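A.B. asks: Need the 3D shape of this:
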Amino acid sequence: MAARSRLTVADIGAWLFTCNPREFAELEPGLRGGASVDGWCAHPTYRVDLVEADQAAVLWVSGAATSVPEPGIWMVGRTTGVVTRDEPRPRVGLAMTLLPEVLPREQLRADPRTAGLEVLRAPQMSNPSIVSPAEKAVIEELIGGWP
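C.D. replies: Numbering: from 1, shown residues only. All right, here's what the predicted structure looks like:
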């Protein structure tokens, strides 16, 4: 088996941060009321070193098909470039916008252009995951633009 190569900034269309459905259900009312997500914890790997200011980012709510809220992309935005490392896990700075409606996991899985998303191939992977530049373009098309 060939060794897996490391990602470079050119491989990243967007960073994808996962959130469990219980945690998002607690956040959602505040987000609908105007609160924001300004950062998310990440696993301390070399990927965190690739985070730069103004990279696209998404918040993915995980869970079973019957989970509430529905699994998929709930927020989009950008990285701030700030990575706080004085916590048990690095925290990546984000500026995120809640989508009016979820972009459902099943819709992304059914679309051949996004069926290979890393989060669909390796759903238990730690934060951050990536979205390729081509997949990001499809997501941007589906949501009607990137904030």
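
A.B. asks: what about the residue nearest to residue 138 when sequence neighbours are not counted, distance to residue 119?
C.D. replies: Nearest residue to residue 138, sequence neighbours excluded (CB to CB, 6 or more residues apart in numbering): residue 113, at 4.5 Å. Every C-beta, even on glycine, is put in place using the N, C-alpha and C of the backbone. For residue 113, the distance to residue 119 (CB to CB, to the nearest Å) stands at 15 Å.

A.B. asks: The residue nearest to residue 138 contacts residue 136, doesn't it?
C.D. replies: No - applying CB atoms under 8 Å as the test, residue 113 and residue 136 come out as separate, 10.7 Å apart.

A.B. asks: quick one on the thing from earlier: kindly tell me how buried the residue nearest to residue 138 is, as a neighbour count.
C.D. replies: 14 (other CB atoms under 10 Å).

A.B. asks: In contact with residue 35, which residues?
C.D. replies: The neighbourhood of residue 35, defined by CB atoms under 8 Å, 6 or more residues apart in numbering, consists of residue 27.

A.B. asks: So it, which state does it fall into?
C.D. replies: coil (DSSP: H, G, I helix; E, B strand; the rest coil).

A.B. asks: Looking at strand pairing, list the partners for the residue nearest the centre of the chain.
C.D. replies: In the chain, the residue lying closest to the centroid (CA atoms, centre = their mean) is residue 16, at 2.2 Å. Using DSSP bridges, the bridge partners assigned to residue 16 are residue 58, residue 129.
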